[in-house]
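J.: here is my input, please return the structure:
(chains A, B, C and D)
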Protein chains: 2
Amino acid sequence: MIINKIMAEKNKIDIFPSGSRLTNQRRIILDYLRGVYTHPTAEIIYKEVKKKLPQISFGTVYRNLSFLKEHDFILELKSADGCTHYDGDPSDHCHFVCMQCGRVYDLEDKRFKKRHTYCEKTAVGKICYCRTNYYGVCKNCKNN
Amino acid sequence: MIINKIMAEKNKIDIFPSGSRLTNQRRIILDYLRGVYTHPTAEIIYKEVKKKLPQISFGTVYRNLSFLKEHDFILELKSADGCTHYDGDPSDHCHFVCMQCGRVYDLEDKRFKKRHTYCEKTAVGKICYCRTNYYGVCKNCKNN
DNA sequence: TTAGATGCAAAGGGTTTGCAACGTC
DNA sequence: GACGTTGCAAACCCTTTGCATCTAA
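T.: Okay, the predicted model is just below:
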């Protein structure tokens, strides 16, 4: 499935798994996620996509998010606000989670680049990947 | 609130915030969490604590977990399995999350000690703390 | 043509909450 | 005695699912 990611990045095309179909709904959800720097919840995605596809349902949004995550097109982020947030950029990077509003931001700064080794064996199991979240209060909340 | 943690560690006593009360339920939930190396969900905690306090309810468990987390006696961990897991050790350490069963393990190994700086300012806000999760399949699942 | 995807609505499952009774300080 | 806490049950909220219909390949 990593192939998908590499192909998408190199050729600017998306290779969906054979057997699956590229519907309007799927295309628009993925495009929306790739076009925003925020990390919206399913509800926000639903509302935004509904502007282009008024008939879309929550079930379709959730099913597509699940599909896109399963095939490494997007990232699923569990936030402390109780909602799952989604990230259109599946590449390896860190996040800043606001403890007040629950918003999730990317941390582009080199200081927060990963320094972890992958596929290491540990006492409890073999590591496939890791995720680091930085917590604090975002500027938006601080100024209110 | 960090004071609580320090006091607890140095003097082996718990300083609960003034105004709050140390009930049997609260004591037993905290003791249970401190006595296990697993990172149980609210449901498991409920079932275990029920053995000592057959009358306890889910509401009480959740209210106490929320209280203990709020005052830095325990850690709340959002797992990919959809359940919140709880850690009786609020000190700074990393976790291994099993992608199959959702179980959460401590990573004691020095290789996974934190190397992050705290209270750093970033473009999106000031960092208070950070958490790193390592994902993989645990030995328990691999052998089944 | 046909199996995968959608829309709708109902169900699921973890967590929170209102309220009267209880128990700690 | 006052007020924080409990037990119970209902409510909440996010997410999943069954089913008939639709549609991409």
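J.: pull out the buried residues from the longest strand seen in chain A.
T.: Scanning chain A for the strand with the most residues, using DSSP state E, yields strand A:125-138. Using 16 or more other Cβ atoms under 10 Å in any protein chain shown as the test for burial, strand A:125-138 gives A:125-127, A:130-138. C-beta here means a position set from N, CA and C on the backbone, and glycine is covered the same way.
J.: stretch A:85-93 now?
T.: Neighbour-count burial for stretch A:85-93 [16+ other Cβ under 10 Å]: A:85-88, A:90, A:93.
J.: min pLDDT across those residues, which one?
T.: By pLDDT, residue A:93 ranks lowest within the buried residues of stretch A:85-93, coming in at 85.
J.: and residue A:34, that's in a strand?
T.: No: read with DSSP: H, G, I helix; E, B strand; the rest coil, residue A:34 is helix and lies in no strand.
J.: could you pull up the residues touching it?
T.: A:88-89 (Cβ atoms under 8 Å, 6 or more residues apart in numbering or on different chains).
J.: equivalent analysis for residue A:43, please.
T.: residue A:83.
J.: redo that, cut-off 10 Å
T.: A:58, A:61, A:83 (Cβ atoms under 10 Å, 6 or more residues apart in numbering or on different chains).
J.: so how far is residue A:92 from the last one?
T.: What that stands for is residue A:83. 23 Å (Cβ to Cβ, to the nearest Å).
J.: likewise for the second one?
T.: In this structure, residue A:61 and residue A:92 are 26 Å apart, going by Cβ to Cβ.
J.: just the element for the closest residue to DNA strand D within chain A, please.
T.: In chain A, the residue found nearest to DNA strand D is residue A:59; the distance is 2.8 Å by Cβ to the nearest atom of the strand. Residue A:59 belongs to helix A:58-70 when assigned by DSSP states H and E.
J.: show me what that helix is packed up against.
T.: Where contact means 3 or more Cβ pairs under 10 Å, 6 or more residues apart in numbering or on different chains; DSSP states H and E, helix A:58-70 is packed against helix A:24-35, helix A:42-52, strand A:75-78, strand A:84-87.
J.: and the buried residues of stretch A:85-93, which is closest to residue B:121?
T.: residue A:93 (18.6 Å; Cβ to Cβ).
J.: so what does the closest one look like in phi/psi?
T.: Reported as degrees, to the nearest 10, the phi and psi values for residue A:93 are phi -150, psi 170.
J.: leaving out sequence neighbours, find the closest residue to it.
T.: Among residues not flanking residue A:93 along the chain, residue A:106 sits closest, at 5.9 Å (Cβ to Cβ, 6 or more residues apart in numbering or on different chains).
J.: from residue A:139, how far out is that neighbour?
T.: Distance from residue A:106 to residue A:139, by Cβ to Cβ: 14 Å.
J.: which non-adjacent residue is nearest the residue most central in space within chain A?
T.: With distances taken as Cα atoms, centre = their mean, residue A:87 lies nearest the centre of chain A, 2.0 Å away. For residue A:87, ignoring the flanking residues on the chain, the nearest one in space by Cβ to Cβ, 6+ apart is residue A:75 at 4.0 Å.
J.: neighbours of the one you found, how many?
T.: By the criterion of other Cβ atoms under 10 Å in any protein chain shown, residue A:75 has 20 neighbours.
J.: does it touch residue A:90 like I think?
T.: Yes: assessed by Cβ atoms under 10 Å, residue A:75 is found in contact with residue A:90 at 5.2 Å.
J.: identify the contacts common to the two.
T.: By Cβ under 10 Å, 6+ apart, the residues touching both residue A:75 and residue A:90 are A:68-69.
J.: what bridges to residue A:130?
T.: Beta-bridge pairing of residue A:130, defined through DSSP bridges, involves residue B:134.
J.: correct me if wrong: it contacts residue B:99.
T.: No: Residue A:130 is beyond contact range of residue B:99, at 11.9 Å (criterion: Cβ under 10 Å).
J.: which neighbours do these two share?
T.: Applying Cβ under 10 Å, 6+ apart, one finds that residue A:130 and residue B:99 are jointly contacted by B:135-136.
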